[in-house]
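Visitor: any chance you can model this:
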Amino acid sequence: MPTTARLREDLDPAHTVLLTVECQRGVVGPDSALPQLAAAARASGALHHVARLVAAAHAADVQAVHAVAERRPDGRGASRNARLFRAAEKLPVQQYSGSTAVRVAEPIEVADQDLVVRRLHGLSPLAGTGVDALLRNLGCRTIVVTGVSANVAVPNAVFDAVNLGYTAVVPADAIAGVPADYTRAMVRHTLALVATVTTADEVLGCWQRPRRRTGGAVTPA
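Guide: Predicted coordinates:
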């Protein structure tokens with residue numbers, strides 16, 4: 001675990017972006033195309049922690065970016081060069097552009113200042129999506145990666161963030177995959193080698209504004 005001072009420096013709201021990955025109704029919602037993953041995201045508390053982090057980001061003026069994976073009904077532009085993509089075409093719930101399946105899932109609240117970025121291809125919210133340019137325009141140096149899945153999209157996002165020169169921070173209790181023990185192994189043996197692994201509470205602690213006493217009352221600094 002990093003020192004509190006180091007983590008607080010890395011997570012300075014002025015240069016930090018909170019990234020939620022595929023936290024959409026058709027993936028982690030009650031009518032998910034991937035019910036096992038949706039169940040894991042909720043049972044583990046990961047989705048709850050993502051919602052807490054998003055709410056804290058809003059309060060601390062940390063930019064939140066929600067990365068959504070979708071496809072056109074005609075499939076134009078979609079990737080078909082992996083078994084995963086071909087299997088997704090046959091799922092009972094499709095992540096069609098404009099459908100409820102690609103809306104950010106409850107209990108995450110999307111604020112007006114949030115950015116929602118959508119991709120029609122690939123496995124990563126960063127590679128070939130234009131998100132890198134958005135982050136640099138925002139002055140981002142640190143990306144807090146949350147969401148699903150620890151099997152594919154989350155490690156892709158972390159690797160791409162590191163390759164692009166960002167500091168990646170992963171609250172381990174705010175990501176989920178299947179099975180649950182695979183998520184723990186991915187964090188310990190892979191993500192911990194390239195990212196700062198922490199917890200949602202530690203991130204929240206860094207974003208909470210210090211409080212001071214004024215005339216006997218405690219007010220935000």
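Visitor: so, low pLDDT: which residues of this structure?
Guide: 1-2, 209-221 (pLDDT under 70).
Visitor: give me that answer again for 80
Guide: Applying pLDDT under 80 to the chain flags the ranges 1-3, 209-221.
Visitor: now the strands for it?
Guide: Ranges of strands in the chain, per DSSP state E, are 16-21, 63-69, 115-119, 142-148, 167-171, 175-176, 196-198, 211-214, 217-220.
Visitor: identify whichever of the ones you listed lies nearest to Ala41.
Guide: For the strands of the chain, the distance to Ala41 is smallest for strand 175-176, at 4.1 Å, taking C-beta to C-beta. In this view, the C-beta of every residue, glycine as well, is placed from N, C-alpha and C.
Visitor: and for the closest one, what's in contact with it?
Guide: Here strand 175-176 makes contact (C-beta atoms under 8 Å, 6 or more residues apart in numbering) with 28, 37, 40-41, 44, 46-47, 145-150, 154, 183, 187.
Visitor: what strands line up against that strand, and which way round?
Guide: strand 142-148 (parallel) (DSSP bridges).
Visitor: for the strand it pairs with, C-alpha coordinates in CSV please.
Guide: What follows is strand 142-148, C-alpha atoms only, in CSV (Å, rounded to 0.1, in the frame of the first residue of the first chain):
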residue,chain,number,x,y,z
THR,A,142,-3.8,10.1,-12.5
ILE,A,143,-6.6,7.8,-13.5
VAL,A,144,-8.7,6.0,-10.9
VAL,A,145,-9.9,2.8,-12.6
THR,A,146,-13.2,1.2,-11.4
GLY,A,147,-15.9,-1.0,-12.7
VAL,A,148,-15.9,-4.3,-14.7
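Visitor: one step back: of the contacts of strand 175-176, closest to Arg118?
Guide: Of the contacts of strand 175-176, the one sitting nearest to Arg118 (C-beta to C-beta) turns out to be Gly147, at 14.4 Å.
Visitor: alright, that wraps it up for me.
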